[in-house]
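1. sequence plus predicted model, see below.
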Amino acid sequence: MRPAIALYQPDIAGNTGTLMRLAACTGTDLHIVEPAGFRTDDTALRRAGMDYAELAAVTRYADFEVFDQWRHKAGKRLILLTTKADTSYTGFSFSPADILLLGRESAGVPESLHQRVDASVTIRMQKGARSLNQAISGAMVLGEALRQTTV
């Protein structure tokens, strides 16, 4: 078992395709919580995912409630990546059953979801910087989670 990534209502097909490729190359699962801001046959999604999209283990959920019910039944801890957290991802103890939740590129996740996750982590940035690209953030934190949990 490895940590996984979940995308909450992703807006940008290219980021999702890049994360599909990351999931395929690292052997991690990718969960997509609908609705997405693009169609699954989007050209940018195919271009970013390249031929790795077929290798990625991708599961789609109709909405957050369906996803959240599944992850509770599966015993998965949900870790939100957010600029609003105090805990740095480098100081957090990840487990193989964790799912790293990334919010929408345009709006993050609703405040109500902040209350429903098991933990929140952040990537420390320079003062004045608002956020990193979603795919880069996911790769950075997944890399740390994999470092901690795989032998």
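-> Cool, the structure landed.
2. show me how far the biggest helix by length in the chain is from its chain's centre.
-> Using DSSP state H, we find that the single longest helix of the chain is helix 134-149. When distances are taken as Cα atoms, centre = their mean, to the nearest Å, helix 134-149 is centred 9 Å away from the chain's centroid.
3. so which bits of it are buried?
-> 134-135, 137-139, 141-142, 144-146, 149 (16 or more other Cβ atoms under 10 Å). Placement of C-beta: from N, CA and C, glycine included.
4. do stretch 23-38 as well
-> 23-24, 26, 28-33, 36, 38.
5. where's the dip in pLDDT among those?
-> Lowest pLDDT among those: residue 38, with 70.
6. that one is in contact with residue 15, isn't it?
-> No: at 10.0 Å, residue 38 does not count as touching residue 15 under the criterion of Cβ atoms under 8 Å.
7. quick one on the thing from earlier: which outside residues touch the longest helix of the chain?
-> Contact with helix 134-149 is made by 2-3, 5, 7, 10, 12, 14-15, 18-19, 22, 26, 28, 81, 89-90, 92-96, 98, 100, 102, 105, 121, 123, 131-132, as judged by Cβ atoms under 8 Å, 6 or more residues apart in numbering.
8. by mean pLDDT, point me to the weakest helix or strand of the protein.
-> Sorted by mean pLDDT, DSSP states H and E, the helices and strands of the chain end with helix 43-49, the least confident at a mean of 54.
9. give me every residue that touches the spatially closest residue to residue 1 that is not a sequence neighbour.
-> Distances taken as Cβ to Cβ, 6 or more residues apart in numbering place residue 96 nearest to residue 1, at 4.3 Å, with adjacent residues excluded. Residue 96 sits next to 1-3, 149-150 when contact means Cβ under 8 Å, 6+ apart.
10. how about the strands in this protein?
-> 4-8, 29-33, 57-61, 77-81, 98-102, 119-121 (DSSP state E).
11. just put the ones you listed in JSON lines and tack on distance to residue 111.
-> JSON lines is the format used below for those (distance: least, Cβ to Cβ, whole Å):
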{"stretch": "strand 4-8", "distance to residue 111": "13"}
{"stretch": "strand 29-33", "distance to residue 111": "16"}
{"stretch": "strand 57-61", "distance to residue 111": "20"}
{"stretch": "strand 77-81", "distance to residue 111": "11"}
{"stretch": "strand 98-102", "distance to residue 111": "14"}
{"stretch": "strand 119-121", "distance to residue 111": "12"}
